[in-house]
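S.K.: 3D model of this:
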Amino acid sequence: MSLSVRIEGELKEARLARDDARRDALALVLNALRGAEKELQRGLSDDEALQVLQRERKKRVEAIDAFEAAGRDEQADREEFELDVLEEFMPEPLSEDDLEEIIDDVIAEVGATSLRDLGRVMADVMPQVSGRTDGSVVSQLVREKLA
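M.R.: Purely as a prediction, here's the structure:
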């Protein structure tokens, strides 16, 4: 079952249960997916849908930080709820140990020895961890290991 279909089903259940907050959060996620489909003029693969969810997740995290910094707790709480709903559809995050193991394997496989090899290592690591870890975290770990 595709991600869009799962979210549509959840949205229907939220409407029937009259759960307005969940309905609104699911509608925002579904609209983001449909917008990406319209932009590409075709249906999304699971990886593409996951990328859209990652972008939406990042937007929510940034919005939460901004609202909290501005003292707008009600809006921050709403964004946190949307983030929680969004994360229901994302794969389980990788533990730091698992991530380090993947990075170590790729470094050994590529034969990376310095920061000049960062791009090659990242190119092999990112497809393996896509959707389960933030790219900036991966980049930081790879830099530490290659330094």
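S.K.: buried set for stretch 111-131?
M.R.: 112, 118, 121-122, 124-125, 129, 131 (16 or more other C-beta atoms under 10 Å). The way it works is simple: take the backbone N, C-alpha and C, and place the C-beta from them, glycine included.
S.K.: if we take the residues you listed, which one ends up nearest to A21?
M.R.: Closest to A21 out of the buried residues of stretch 111-131 is G131 (24.9 Å), distances taken as C-beta to C-beta.
S.K.: and that closest one, which of the three is it?
M.R.: Classification of G131 using DSSP: H, G, I helix; E, B strand; the rest coil returns coil.
S.K.: which non-adjacent residue is nearest it?
M.R.: Using C-beta to C-beta, 6 or more residues apart in numbering and skipping residues adjacent in sequence, the residue nearest G131 is L50, 4.2 Å away.
S.K.: which SSE is the one you found in?
M.R.: Per DSSP states H and E, L50 falls inside helix 46-69.
S.K.: related to what we said a few turns ago, what number of residues lie near the residue nearest to G131?
M.R.: 18 (other C-beta atoms under 10 Å).
S.K.: Equivalent analysis for the one 5 residues further on, please.
M.R.: Here the neighbour count serves as a burial measure; for R55 (other C-beta under 10 Å) it reads 12.
S.K.: any idea how far E82 is from the residue lying closest to it once chain neighbours are set aside?
M.R.: Once flanking residues are discounted, R55 sits nearest to A32: 7.5 Å by C-beta to C-beta, 6+ apart. For A32, the distance to E82 equals 11 Å [C-beta to C-beta, to the nearest Å].
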